[in-house]
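In: Need a 3D model of the following:
(2 chains)
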Amino acid sequence: MVEGLEFSLLVGISVGLSAGYLGSIMVLEKMALVGDALSHVALPGLALGILFNFPPLLGGFAFLFASSIIIWEVGKATRLSFETIVGAVFTLSLAIGVLMIEDLEVLGEALFGSIANVTLADAVTGVVIAIAAVYLTRIIYNKVVLSMISEELAISEGVNVGRVNLLFLLLISLVVAIGIKITGTLLVGFLVVVPAAAAKNLSANLRRYSILSSLFGAVSALVGILATGLVSYLEHPPPPGPLVVVAGVVLFAVTVVIRWKKRLSV
Amino acid sequence: MDSLNEYILQVSNLTIELPNQTVLDDVSFKLKTGTTLAIVGPNGAGKTMLFRALLSLIPFKGKIAWAPNVKIGYVPQYLSASDIPISVEEFLAFKIGSDMEGALSSVGLKSQEVLHKRLGALSGGQLRRVLIAWATIDKPNVLLFDEPTTGVDLDSEEAIYKMLNELEERYKITMMLISHDLHIIRDYSDYMLALNKCVTFFGESKRIMDLELQQMIYGEPVCTVPE
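Out: Below is the predicted model:
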């Protein structure tokens, strides 16, 4: 068994749960690709942390949040879709990050995650950030959904759509940043997209949708990390990121089958 | 008498500009309290933009003066709800804390039939009624209604206008509605404001069946200044 696996599990479940919850909004906003690609933007920040010896998580978050704001502002100014802008920004970030991190082993961990060296402090940070992100998102959840249904209705009900969306981007950056350690920058976006997509297959109301999405995120992370721990005796054990993805995709496939069988009218 | 009691809304020299485009140019009109005003005009005439300005959703030049303490209800033309797993109950809960049944029955809907349905799965007529319940729940003095019968079949259309008439009389609501339907404009509104970036006609709605007037409203714009 890997030392500190319980800490990895704690971080993983926190990330899975919060990414699933916040991801349920991203998927509705048709910003699924943004959630996925956004995570790649963290790589140069991680690289700076590694190069200059400060917590890579901090660098990752700073890059994520700064990029969110840049993407947001460029989107408003040019009326290009978020997908288009993110498509340009994330490939550039990935390229810069790969050029900056020379050590291939470190690069592999940054891209695909690791359950080695997860400390109690990492676990506490993960849990606290996840709780805060879910709590704050819960407050703005209805406002974001109303602005999706009709921006005019939301504004006429006193919702400051710009401010609410900016806060949401900040929260999603935080959740993605804490997820990077476990699942890596390439794959953390998966937790934002697939649990929500699976939940949508089985939901006719928001409550069920958001709860299922959180649950699927947590279960994917839990199963993926446990599986990584179980095969850690191998000479070349797989990193946790891909196994979390496999667990989540199996869940998604099950929901597709259930929906297909029941032919839910949702 | 030109008092605020008589007029619930006075718009003077309203101009709305988007980058490289003037959407409304120097529009002025007054709306009498308790009446129904139909906003008519060809597509792209600035009708929805007028509503957006009246709700202070967009920047504008000129003056929009509502009577003091006016409460505005708004029913938009479209909702993007088809892809969102939200029930009617959850949608109404944004605004209505209690008595959803009462709110739904006031618009002729049975709560057990629609409350747990997905908003995006409602028929056009049901969705309009839910939106009217939303807009009228806090007893507005003014109701702004963008194309009341978009996506609604003919039978439901008539029923919706009858219901709006009842609401208007029961709550003494002043109503503004955007419509393309000439019969509806004639039968269910008192005055009409024809727009084509500027005001092309302002007067009694019964005149809408006048062919010359229709040509004026939907043809090449000839701006007028209402009395």
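
In: Spell out which parts of the stretch 51-200 of chain A neighbour chain B.
Out: If contacts are counted using CB under 8 Å from any CB of the partner chain, the residues of the stretch 51-200 of chain A sitting beside chain B are A:142, A:145-146, A:148-150, A:152-153, A:155-157, A:200. Any C-beta I mention is one placed from the backbone N, CA and C, and that applies to glycine too.

In: For the residues you listed, give me a markdown table that also has distance to B:Asp26.
Out: Formatted as a markdown table, the entries for those read as follows, by distance: CB to CB, whole Å:
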| residue | distance to B:Asp26 |
| --- | --- |
| A:Asn142 | 40 |
| A:Val145 | 39 |
| A:Leu146 | 34 |
| A:Met148 | 35 |
| A:Ile149 | 34 |
| A:Ser150 | 29 |
| A:Glu152 | 24 |
| A:Leu153 | 29 |
| A:Ile155 | 25 |
| A:Ser156 | 25 |
| A:Glu157 | 31 |
| A:Lys200 | 48 |
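
In: In those residues, find the pair that's most separated.
Out: Using CB to CB, these reach their maximum pairwise distance at A:Ser156 and A:Lys200, which is 27.8 Å.

In: Return the residues of chain B in contact with chain A.
Out: B:52, B:55, B:57, B:72, B:74, B:76, B:78-81, B:83-87, B:89-91, B:93-95, B:116, B:118-119, B:121, B:134.

In: Send me stretch A:225-244 as PDB with only the CA atoms.
Out: Extracted C-alpha coordinates of stretch A:225-244, given in PDB (Å, rounded to 0.1, in the frame of the first residue of the first chain):
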ATOM      1  CA  ILE A 225      -7.200   6.400  -6.500                       C
ATOM      2  CA  LEU A 226      -7.900   3.100  -4.700                       C
ATOM      3  CA  ALA A 227      -7.100   1.200  -7.900                       C
ATOM      4  CA  THR A 228      -3.800   3.200  -8.200                       C
ATOM      5  CA  GLY A 229      -3.000   2.200  -4.600                       C
ATOM      6  CA  LEU A 230      -3.800  -1.400  -5.200                       C
ATOM      7  CA  VAL A 231      -1.500  -1.800  -8.200                       C
ATOM      8  CA  SER A 232       1.300   0.300  -6.700                       C
ATOM      9  CA  TYR A 233       3.400  -2.900  -6.300                       C
ATOM     10  CA  LEU A 234       3.900  -3.000 -10.100                       C
ATOM     11  CA  GLU A 235       7.300  -2.100 -11.400                       C
ATOM     12  CA  HIS A 236       5.800   0.700 -13.400                       C
ATOM     13  CA  PRO A 237       2.500   1.600 -11.600                       C
ATOM     14  CA  PRO A 238       0.100   3.800 -13.600                       C
ATOM     15  CA  PRO A 239      -0.500   7.300 -12.400                       C
ATOM     16  CA  PRO A 240      -3.900   8.000 -10.800                       C
ATOM     17  CA  GLY A 241      -5.300  10.400 -13.400                       C
ATOM     18  CA  PRO A 242      -6.000   7.800 -16.100                       C
ATOM     19  CA  LEU A 243      -7.600   5.400 -13.600                       C
ATOM     20  CA  VAL A 244      -9.900   8.100 -12.300                       C
END
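
In: Any regions of the chain where pLDDT drops low?
Out: By default, I'm working from chain A. Within chain A, the stretches with pLDDT under 70 are A:1-3, A:30-36, A:82, A:264-266.

In: oops, I was thinking of chain B
Out: Counting by pLDDT under 70, the low-confidence segments of chain B come to B:1-5, B:220-222, B:224-227.

In: hmm, 50 instead?
Out: Under the criterion of pLDDT under 50, the regions of chain B flagged as low confidence span B:1.

In: The residue nearest to the spatial centre of it in helix, strand or coil?
Out: Per CA atoms, centre = their mean, the C-alpha nearest to the average position across chain B is that of B:Phe145, at 2.0 Å. Remark: B:Phe145 carries the secondary structure label strand [criterion: DSSP: H, G, I helix; E, B strand; the rest coil].

In: who's in contact with it?
Out: The contact partners of B:Phe145, taken as CB atoms under 8 Å, 6 or more residues apart in numbering or on different chains, are B:75, B:135, B:164, B:175-178.

In: For the longest helix along chain B, buried residues please.
Out: Ordering each helix of chain B by length in residues (DSSP state H) puts helix B:154-171 first. Counting neighbours by 16 or more other CB atoms under 10 Å in any protein chain shown, one finds that the buried residues in helix B:154-171 are B:156-161, B:163-164, B:167-168.

In: possible to save the residues you listed as CSV with distance to B:Thr22?
Out: Supplementary listing: those in CSV, determined by distance: CB to CB, whole Å:
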residue, distance to B:Thr22
B:Ser156, 37
B:Glu157, 33
B:Glu158, 37
B:Ala159, 39
B:Ile160, 33
B:Tyr161, 33
B:Met163, 37
B:Leu164, 32
B:Leu167, 35
B:Glu168, 33
